[in-house]
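> quick one, fold the following:
(one chain, ligands or ions: 2)
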Amino acid sequence: MIKGQCDCGAVAFTLPKVRESVTMCHCKQCRRMAGHFWASTHAPWDSLEFSNQSGLAWYRSSDWAKRGFCNRCGSTLFYRLNSEDGVGIAAGCLADPTGLKPGKHIFTKYKGDYYDIADDAPQIETY
Ligand SMILES: [Zn+2]
Ligand SMILES: [Zn+2]
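Numbers count the residues shown, from 1 in each chain. Ligands and ions are numbered 1, 2, ... in the order given. Just a heads-up that it's a prediction; the model follows:
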């Protein structure tokens, strides 16, 4: 069983399984929201079981997607397309060791100038 939570614990959940590969998005919106690039795995939304979701809030970040965060501590947790059954889950909120691997980098055209991509995962300029 995989555990995830925000920093303060007002959002805490378990789920049986997540995608092994982590997608890292370097777009400006992700970097603003997450403070750096957004690294996430993926799972069916229905597979998450919340032991606490009192802090869970959603920000409608575009016409097609929303982002879930903790409204007490500010942790960025989820990215979900309006039309999808799944959810992107921040790799950093999962308990270690995660066993996850770098999958790909997307929107690298918009990456910040203050860092280099240090792994060998494929880099896709846009999406
Ligand atoms: Zn929190
Ligand atoms: Zn992004």
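
> all strands for this structure, in order.
Using DSSP state E, the strands of the chain run over 2-5, 12-15, 21-25, 38-44, 49-52, 56-60, 65-70, 76-81, 86-90, 101-106.

> ok, and the closest non-adjacent residue to residue 50?
The shortest distance from residue 50 to any non-neighbouring residue, by Cβ to Cβ, 6 or more residues apart in numbering, is to residue 13 (4.7 Å). Every residue, glycine included, has its C-beta placed from N, CA and C.

> residue numbers of the protein in contact with ligand 2?
Applying Cβ under 5 Å from the ion, one finds that the chain approaches ligand 2 through 25, 27, 30.

> columns neighbour count and distance to residue 57 on top of these, output as JSON lines?
Converted to JSON lines, these look like this (neighbours: other Cβ atoms under 10 Å; distance: Cβ to Cβ, whole Å):
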{"residue": "25", "neighbour count": "24", "distance to residue 57": "21"}
{"residue": "27", "neighbour count": "18", "distance to residue 57": "22"}
{"residue": "30", "neighbour count": "23", "distance to residue 57": "18"}
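
> for this structure, list the residue farthest from the centre, please.
Within the chain, the residue lying farthest from the chain centre (Cα atoms, centre = their mean) is residue 113, at 21.6 Å.

> for it, grab phi and psi.
For residue 113, the backbone dihedrals (degrees, to the nearest 10) come out as phi -90, psi 0.

> for residue 6, same thing?
When read as degrees, to the nearest 10, the backbone of residue 6 gives phi -80, psi 180.

> no further queries at this time; thank you.
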